[in-house]
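1. Fold the stuff below for me.
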Amino acid sequence: MQVDGLTKSFGDLVLFRKISFGVAEGQRIGLIAKNGTGKTTLLNIIAGKEGYDEGSIVFRRDLRVGYLEQDPHYPEELTVLEACFYHGNSTVELIKEYESCMETEGNPGLEDLLARMEHEKAWIMNGRRNKSFRS
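-> Numbers count the residues shown, from 1 in each chain. Have a look, this model is predicted:
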């Protein structure tokens with residue numbers, strides 16, 4: 001992922017101006033700054049949940065971005081598993097569809113679903129999810 005010249009302001013308050021950075025495959029980064037300096041706003045922008053004033057963000061090689069919000073809100077009636085699928089991206093939605101298909105007698109549409117999961121590389125995420133639930 002490459003961020004170039006990103007600027008974000010709220011009225012007269014410029015949160016950040018022309019920041020640039022890149023994140024290479026396999027690289028892990030941390031954001032360290034004082035409260036109110038734009039860390040959460042930057043993550044919201046990268047995740048596509050918030051706009052920005054100028055600059056560009058380029059995602060390379062099927063990169064998918066997601067993060068757990070600082071204060072996520074879920075309907076109280078959801079189970080933990082349902083909450084995991086609540087705001088899912090396309091891969092999470094496929095896994096949700098797969099779980100539903102497997103619980104339905106005759107597994108209707110399974111062949112098409114498996115092809116879509118293969119195309120989205122959903123098995124990688126599904127395997128990680130299953131390991132974490134078994135631990």
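
2. Okay, buried residues for the host helix or strand of Ala115 please.
-> Using DSSP states H and E, Ala115 maps to helix 110-120. Residues of helix 110-120 classed as buried by neighbour count (16 or more other Cβ atoms under 10 Å): Leu113, Leu114, Met117, Glu120. Every residue, glycine included, has its C-beta placed from N, CA and C.

3. counting contacts, what elements does that helix pack onto?
-> Judged by 3 or more Cβ pairs under 8 Å, 6 or more residues apart in numbering; DSSP states H and E, helix 110-120 is in contact with helix 90-103, helix 122-134.

4. Settle this for me: Arg60 is touching Met1, isn't it.
-> Yes. Judged on Cβ atoms under 8 Å, Arg60 makes contact with Met1 at a distance of 6.7 Å.

5. In terms of neighbours, single out the busier of those two.
-> In this view Arg60 and Met1 are compared by other Cβ atoms under 10 Å, and Met1 has more residues nearby, 16 against 11.

6. In contact with the more buried one: list those residues for me.
-> Residues near Met1 by Cβ atoms under 8 Å, 6 or more residues apart in numbering: Gly22, Val23, Ile46, Ile57, Val58, Phe59, Arg60, Leu63, Val65.

7. domains for the protein, by residue range?
-> Residue ranges for the domains of the chain, per automatic domain parsing: 2-58, 80-134.

8. now the last one, how far from the centre of its chain.
-> It refers to domain 80-134. Centroid separation for domain 80-134 versus its chain: 16 Å, with Cα atoms, centre = their mean, to the nearest Å.
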